[in-house]
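A.B. asks: below are the sequence and a predicted model for it; my questions follow.
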Amino acid sequence: MTTAPVTVPTAPQADADWWRQASVYQIYPRSFADANGDGIGDLRGIISRVPYLEKLGVDAVWLSPFYPSALADGGYDVDDFRDVDPKIGTLEEFDEMVAALHGAGIKLVVDLVPNHTSDRHEWFREALASPKGSNARERYIFRDGEGEDGELPPADWTSIFNGPAWTRVEDGQWYLHSFATEQPDLNWKHPEVHEDFKRTLRFWSDRGVDGFRIDVAHGLAKDLGEVLPSKAELKAMPKDGTHPLWDRDEVHEIYAEWREVFEEYTPARTAVAEAWVETAERRAKYASPKGLGQAFNFDLMEADFDATHFRDIVTDNLGQSAKTGSSTTWVFSNHDGVRHATRYGLPPRAGRDVKQGAEWVLAGGPDDGIDRELGLRRARAATMFELALPGSAYLYQGEELGLHEVAEIPDEQRQDPSFWRSTPQTRGWDGLGRDGCRVPLPWTREGESFGFGSNGAHLPQPAWFADFSVEAEDGVEGSTLEMYRAALALRRQLQSAESLEWDERLSTDDVLAFERPGGWLSITNFGDDAVALPDGEALLSSASLEADEEGGLLLPGATTVWMRRTA
Ligand code: GLC
């Protein structure tokens, strides 16, 4: 691999616009680093690894939920939105973590979960202790059941994690949970819900948080009416702003209120929506500068490693963000999906169900049909493609080590509610649930839990983690970690206006080449055969370049190179 020496200047973006082209590193706190030896990662663990993040060269950290939680859904079941889980730390440690990150020039984005609380939240306890029709029940979505004694759920709906979406409480009423039973949906028609979330936004903003990642942002506004549609009817309804549950137009009124809160601060607090919506146009509404400002774009995460798909996705999303004034986002891996190194080692999804992981399991188990070497090679090429694009790049902890999905977790140790509420046939995401990308990180080759903590890890780590540990890759030329470090540093140096121009002479069905203002050329070969490179200086490549007989440089298959053009 070509690794040109680079200096690391400070991020060039003006402060208020830091998010527009940021590299954001997602920390899933319970699996990052465990300082107190209870097998669960914690804030002290994060503080101890700030130098690692600084050396990696990311602009911001997105911290998945760290709030008090029974962990029915990995922390997305929140007991109290304005506190830290005692298993993870304290508010004082949170402040220390903010100071340490800011001291290293790294912003902090925290996860906010406004679609639901946990069933241990004080509001839900109060709702259960209060009668039907009470104000406490009105904060959630309670209904009487069907059937002679209301013994049947109000509707036959299925939760996103499978299994029923309605659960019955002691006095016979039912409550709606779009996710696990322990995650009752809030009623956003209730003014106290609005007030409380604004309080939460200010609470963390006052503590120095720079932005928020909004969980299930497309789910808050609901309009159920008197007669509930059936599951089949729900499914047939268009998601054009009028669907009773998802992506309703009035959800943007909530985000307009939040925008006022964001603007109370200098620089304004930022937000990024997790919004699973039908079209890039509808996604753009969440990214409006009058609303959350930015939205996750999962298109690349759902695409095959294919030049035509990638190009269409990039063109489409850059066009959308130009219209709204937002900047686009790119994601290949997160805590909800099969890691991209593994995904790209599977047969292509095109023309098949995108739930390819289910096929992976059904095909006979974790060791069948995955070309891990090719998967990682493509993942590295894809990451360098991503890091050269205009917009923000969201990276998931462990991808900088080239980690693969851990498939070999015994069923009884799995934690993901989506695993427990489904069968391989009905399971979303990847057929094995989402634990495989949430296994605690390997920091060292050997020793207790590969350096994650002093006393085990809450999900079992496989033996092959040793070779993917930070220790195994640190300072090793050609390692995935060193590629990420070099790419992130170069990106800071080369970052320019939010635009690109496709190089039509170099681009083919298998090759995508584009240039950013200032002469930063990125070329990705998605095919198998090496292609000739143009004249210029090769700055960094995701795999070693080759030479032809005359000494000209060749770009091998599944490789990205960044170049600076000469003349
Ligand atoms: C989002 C989160 C996911 C969580 C769900 C319910 O999709 O990313 O991890 O399970 O919301 O909160």
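C.D. replies: Nice, thanks for sending it over. Numbering: from 1, shown residues only.
A.B. asks: for the rest of this, base every contact and every neighbour count on C-alpha atoms.
C.D. replies: Noted.
A.B. asks: closest to the centroid, which residue in this protein?
C.D. replies: Asn334 (3.8 Å; CA atoms, centre = their mean).
A.B. asks: make sure that one is indeed in a helix.
C.D. replies: No. Read with DSSP: H, G, I helix; E, B strand; the rest coil, Asn334 is coil and lies in no helix.
A.B. asks: and the pLDDT at it?
C.D. replies: Asn334 is assigned a pLDDT of 97 by the prediction.
A.B. asks: same thing with Gln13?
C.D. replies: pLDDT at Gln13 comes out at 46.
A.B. asks: what does the one 10 residues further on give?
C.D. replies: Model confidence at Ser23, expressed as pLDDT, equals 98.
A.B. asks: one more: Ser321?
C.D. replies: Confidence at Ser321, expressed as pLDDT, is 89.
A.B. asks: ramachandran angles for it?
C.D. replies: Phi and psi for Ser321, reported as degrees, to the nearest 10, are phi -70, psi -30.
A.B. asks: neighbours of Ala16, just the number please.
C.D. replies: By other CA atoms under 10 Å, the residues close to Ala16 number 12.
A.B. asks: need the contact partners of the helix or strand harbouring Leu128.
C.D. replies: For Leu128, the host element (DSSP states H and E) is helix 122-129. The set of residues external to helix 122-129 that reach it, using CA atoms under 8 Å, 6 or more residues apart in numbering, is Asp79, Asp80, Thr117, Ser118, Asp119, Ser134, Ala136, Arg137, Arg139, Tyr140, Val169, Pro184.
A.B. asks: re earlier: the residue nearest to the centre of the chain against Leu395, yeah?
C.D. replies: Yes. At 7.3 Å, Asn334 counts as touching Leu395 under the criterion of CA atoms under 8 Å.
A.B. asks: what touches both of these two?
C.D. replies: Residues touching both Asn334 and Leu395 (CA under 8 Å, 6+ apart): Gln26.
A.B. asks: so where's the stretch 201-350 of the chain shaky on pLDDT?
C.D. replies: Applying pLDDT under 70 to the stretch 201-350 of the chain flags residues 349-350.
A.B. asks: what sits closest to Asp528 if chain neighbours are left out?
C.D. replies: Gly557 (4.3 Å; CA to CA, 6 or more residues apart in numbering).
A.B. asks: pLDDT wise, what is that neighbour at?
C.D. replies: Looking at Gly557, its pLDDT stands at 98.
A.B. asks: run a quick neighbour tally on it.
C.D. replies: Counted with other CA under 10 Å, Gly557 comes out at 21.
A.B. asks: secondary structure element holding His252?
C.D. replies: helix 251-262.
A.B. asks: how about Val110?
C.D. replies: If you go by DSSP H and E, Val110 is part of strand 107-112.
A.B. asks: where does pLDDT dip in the stretch 401-550 of the chain?
C.D. replies: Looking at the stretch 401-550 of the chain by pLDDT under 70, you get 424-425, 427-431.
A.B. asks: could you redo the last one with a cut-off of 90?
C.D. replies: Counting by pLDDT under 90, the low-confidence segments of the stretch 401-550 of the chain come to 407-411, 418-419, 421-433.
A.B. asks: closest one of the contacts of helix 122-129 to Lys55?
C.D. replies: Asp80 (33.5 Å; CA to CA).
A.B. asks: contacts only, for that closest one.
C.D. replies: Tyr67, Pro68, Ser69, His121, Glu122.
A.B. asks: around the ligand, which positions in this structure sit nearby?
C.D. replies: Within reach of the ligand by CA under 6 Å from any ligand atom, the chain has these residues: Asp73, Tyr76, Asp215, Val216, Asp336.
A.B. asks: by contact count, what packs against the helix holding His252?
C.D. replies: In terms of contacts (3 or more CA pairs under 8 Å, 6 or more residues apart in numbering; DSSP states H and E), helix 251-262 is packed against helix 191-206.
A.B. asks: ok, the residue of the chain found nearest the ligand to Asp215 distance?
C.D. replies: Nearest residue of the chain to the ligand, counting by CA to the nearest ligand atom: Tyr76, 4.6 Å away. According to CA to CA, to the nearest Å, Tyr76 and Asp215 sit 9 Å apart.
A.B. asks: cool, Gly551 as well?
C.D. replies: 52 Å.
A.B. asks: who has more neighbours, those two?
C.D. replies: Taking other CA under 10 Å, Gly551 and Asp215 do not tie; Asp215 has more neighbours (21 against 8).
A.B. asks: quick one: the more buried one and Leu128, what's the gap?
C.D. replies: 25 Å.
A.B. asks: need the contact partners of stretch 215-222.
C.D. replies: 111-115, 186-189, 244-248, 250-251, 273-277.
A.B. asks: please apply the same query to stretch 238-251.
C.D. replies: So stretch 238-251 is contacted by His218, Gly219, Leu220, Ala221, Lys222, Asp223, Leu224, Leu234, Met237, Ala275, Val277, Glu278 (CA under 8 Å, 6+ apart).
A.B. asks: rerun that using 7 Å as the cut-off
C.D. replies: The contact list for stretch 238-251 (CA atoms under 7 Å, 6 or more residues apart in numbering) reads His218, Gly219, Leu220, Ala221, Lys222, Asp223, Leu224, Met237, Val277, Glu278.
A.B. asks: ditto for stretch 404-413
C.D. replies: With CA under 7 Å, 6+ apart, stretch 404-413 has contacts from Val338, Arg339, Ala341, Thr342, Pro366, Gly436, Cys437, Leu459, Pro460.
A.B. asks: mind putting those residues in a markdown table, neighbour count, secondary structure and distance to Pro534 included?
C.D. replies: Conversion of those to a markdown table gives the following (neighbours: other CA atoms under 10 Å; DSSP: H, G, I helix; E, B strand; the rest coil; distance: CA to CA, whole Å):
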| residue | neighbour count | secondary structure | distance to Pro534 |
| --- | --- | --- | --- |
| Val338 | 29 | coil | 35 |
| Arg339 | 28 | coil | 33 |
| Ala341 | 26 | helix | 28 |
| Thr342 | 23 | helix | 31 |
| Pro366 | 16 | coil | 41 |
| Gly436 | 25 | helix | 41 |
| Cys437 | 26 | helix | 38 |
| Leu459 | 21 | coil | 47 |
| Pro460 | 18 | coil | 47 |
